[in-house]
Structures are given as structure tokens and as C-alpha cells.
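>>> pasting the structure only:
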């Protein structure tokens, strides 16, 4: 299994809603990532988890709250978002550690979020 | 991570080899060159990476100049399905695992 699965594929939410994006992988990867991609722009890194601990937060607003409950799952909790947060949210995973870490990231197909 | 420079866009003929250039003149000795692509409405896909030797896999070949300041990704027989944004990225293979995308090269394969 070389897939990263993201759900839902599409999400529409109001500015007062609370929702979550989910990501799952079963490749034994111990690094997981959230990226945000606006239309016609490259993906921008938001968060990195290494061994289920948050290792990188790229100064993301607190209305985005990541969670890594175990080595296979990654969530992104959304609360009080703004219309400008509408974007494609991409999850990725990779190996960690010498010998297994080629630096290759495996990406999911993304969750397309629309904030009204 | 070192910065890269790629063309904004380029067209390639179907069935011909597509040569995608990338400049990375400030690359450090421990930084690899990675190539990813993103087909419209899909997640990015890893293509290939290399340190200093040329590399080949089932998708593409990577040619890195001897001074490592530039590289070329070669798609040997471009198909319409190869139309995508191609990203050239330089980074260390381990460490903080931060993979930062530049603007990329919009490649269109023309019949």
C-alpha cells in the first residue's frame, strides 16, 4: 500500500463551523505533513510531525490545529476560518531516519476546502 | 535549502524527449536535487532525485552537471499525461524534512 488517503475530498464550511480534515497512511512512515495550496500557486508547508510530535509549525494561525493521534493518522482541525483560507489542503508522509530516509514525500490527493 | 530557478512554462511535442532545466547555483554539498510534478487537481508526485551522479528510473532521467549548479530532467517519450507543473527542489535528504516548493515549470505536451 503506497497511498496517502485524505477525507473528505471536498468540504464547504461557514466561518463559525468546526470541521476536521483527515489523513491516513499505512506505509510505516513516521513523518507526516500538511500543506496548503491556493489556486495556481505552489504548495506551502504548514506543519510537520516527526514520530507523532509536532516538529515544524510554519507560523500557521491558531484557527488551524493539527493532531497526530498515532503513526498512521494525521488530522487538521478547523475552527473560525476565513474565506481566504479556502484552498486545497494536502497531506504527505515520508520515512525518517538514516538508511530509510530518501527524502521522498508521498502525497494524498488533497481536500478542497471552501469557506463561506 | 538552496533556491532553484526554472522556466515558468514550456511546450513539448508528444513522443519526443522533454528536457526540463533547473538552475541551483547555491546548492550545498549535502543537498540533493529532487523533482516532483503535479498534474492538475492531484497531489504532487515524486519523480526522481540525485546527489551528483546521473539517475534513471521508470519515469525519467536526471542529469546533474559536474559542478552541481544545474540539472536537467528528461522525460524520454513525452505523452499527453505528462502535462503538469514540474518542481525542481534542492534539500538535504534527512534533517528537518522541510520540503519547500518553488513556482515550478508548467509543461504542456502538445499532440
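Happy to help now that I have it. All values reported here derive from a predicted model rather than from experimental measurement.
>>> going forward, measure contacts and count neighbours with C-alpha atoms only.
Will do.
>>> gap between residue A:37 and chain B?
10 Å (C-alpha to the nearest C-alpha, to the nearest Å).
>>> and the closest residue to that residue other than its chain neighbours, what does it touch?
Closest residue in space to residue A:37, ignoring its immediate chain neighbours: residue A:43 at 4.4 Å, by C-alpha to C-alpha, 6 or more residues apart in numbering or on different chains. For residue A:43, the contacting residues are A:35, A:36, A:37, A:90, B:100, B:101, by C-alpha atoms under 8 Å, 6 or more residues apart in numbering or on different chains.
>>> Which members of the residues you listed occur in strands, if any?
Members of the contacts of residue A:43 lying in strands (criterion: DSSP state E): A:35, A:36, A:37, A:90.
>>> Tell me where the chain is predicted with low confidence.
Let's take chain A. A:1-2, A:97-102 (pLDDT under 70).
>>> oops, chain B please
B:1-2, B:93-96.
>>> could you show me where the helices are in it, in order?
Counting by DSSP state H, one finds no helices in chain B.
>>> Quick one: name the residues of it near chain A.
Contact residues (C-alpha under 8 Å from any C-alpha of the partner chain) of chain B with chain A: B:41-46, B:92-94, B:96-104.
>>> filter those residues to the buried ones?
If you count burial by 16 or more other C-alpha atoms under 10 Å in any protein chain shown, the buried members of these come out as B:43-46, B:92-94, B:97-104.
>>> Stretch A:4-11 vs chain B: in contact?
No - for a cut-off given as C-alpha under 8 Å from any C-alpha, stretch A:4-11 has no contacts with chain B; the smallest distance is 9.9 Å.
>>> ok, and what's touching that stretch?
Outside of stretch A:4-11, the residues within contact range by C-alpha under 8 Å, 6+ apart are A:21-26, A:91-93, A:106-114.
>>> Which of those residues are buried? Put it as a PyMOL command.
Only the buried entries of those go into this PyMOL selection, using 16+ other C-alpha under 10 Å:
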select buried, chain A and resi 21+22+23+24+25+91+92+93+106+107+108+109+110+111+112+113+114
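>>> Nice, that's everything, thank you.
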